[in-house]
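Colleague: Below are the sequence and a predicted model; questions follow.
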Amino acid sequence: AQRVTQPEKLLSVFKGAPVELKCNYSYSGSPELFWYVQYSRQRLQLLLRHISRESIKGFTADLNKGETSFHLKKPFAQEEDSAMYYCALLYGNNRLAFGKGNQVVVIP
Amino acid sequence: DAGITQSPRHKVTETGTPVTLRCHQTENHRYMYWYRQDPGHGLRLIHYSYGVKDTDKGEVSDGYSVSRSKTEDFLLTLESATSSQTSVYFCAISESRAGATNEKLFFGSGTQLSVL
């Protein structure tokens, strides 16, 4: 069965410090992975997807099939990065499995 | 924001009563989903639909049923609400494959349900 694991619940970082959110997955098929973000009082929205190999708002994530990981990174955290972050895996008939989420708090 | 409306936004009900949550979209997207969000559990898929009258179970479907009689509406029903169903419920839509290059899930604002 598919599974997405995000080990830390709460991550506090100082503004300007690097931030890394860990995501590991378990899936028998070819993985397609995403990061979704939920800012305060806003809807959950797509941040980035591995297939696009893009950088959004300074965040990047690289799919490592050997380590079954898709960690999210940003070299210099900003206050507006404070949010809830979810890693997600596409499986089956167009379904997404989400991890438990990481609450990121950026301290000014 | 994509045209997704969830109703009601908030509801308080008693154990044992039936509850129906509605998700309405104006995007004509094929796929619709119901998730619940709980602390420590993240988002978990309840049911989803891949077309009118085509639905399937997610990972936490027990105690829930759904119906999709037309493209724009996806209803989630709790036949007999229990306290364990107190949660925030999110509807999401997708036009085609959620993993396709230009495809993604669009989420509604959520429904806060409290079962007393």
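Modeller: The structure has been received and is ready for your questions.
Colleague: How about the residues of chain B by chain A?
Modeller: By the rule Cβ under 8 Å from any Cβ of the partner chain, the part of chain B lying against chain A is B:1, B:31, B:33, B:35, B:40-45, B:48, B:50, B:56, B:58-59, B:90, B:92, B:94, B:96-99, B:101, B:104-110. Quick note: C-beta positions are derived from backbone N, CA and C, even for glycine.
Colleague: Drop anything exposed from the residues you listed.
Modeller: For the residues of chain B next to chain A, a burial check counting by 16 or more other Cβ atoms under 10 Å in any protein chain shown picks out B:31, B:33, B:35, B:42-45, B:48, B:50, B:58, B:90, B:92, B:94, B:98-99, B:104-110.
Colleague: I'd like to know how far the residue nearest the centre of chain B sits from B:K57.
Modeller: By Cα atoms, centre = their mean, chain B has its centre lying nearest to B:W34, at 2.4 Å. Here B:W34 is placed at a distance of 11 Å from B:K57 (Cβ to Cβ, to the nearest Å).
Colleague: what do the two both touch?
Modeller: B:H47 (Cβ atoms under 8 Å, 6 or more residues apart in numbering or on different chains).
Colleague: max-length strand in chain B?
Modeller: Of all the elements of type strand in chain B, the one with the most residues (DSSP state E) is strand B:42-51.
Colleague: Paired strands for the very next helix or strand once past it, with orientation please.
Modeller: Heading C-terminal from strand B:42-51, the first helix or strand you meet, by DSSP states H and E, is strand B:54-57. Strand pairing for strand B:54-57, using DSSP bridges, gives strand B:42-51 (antiparallel).
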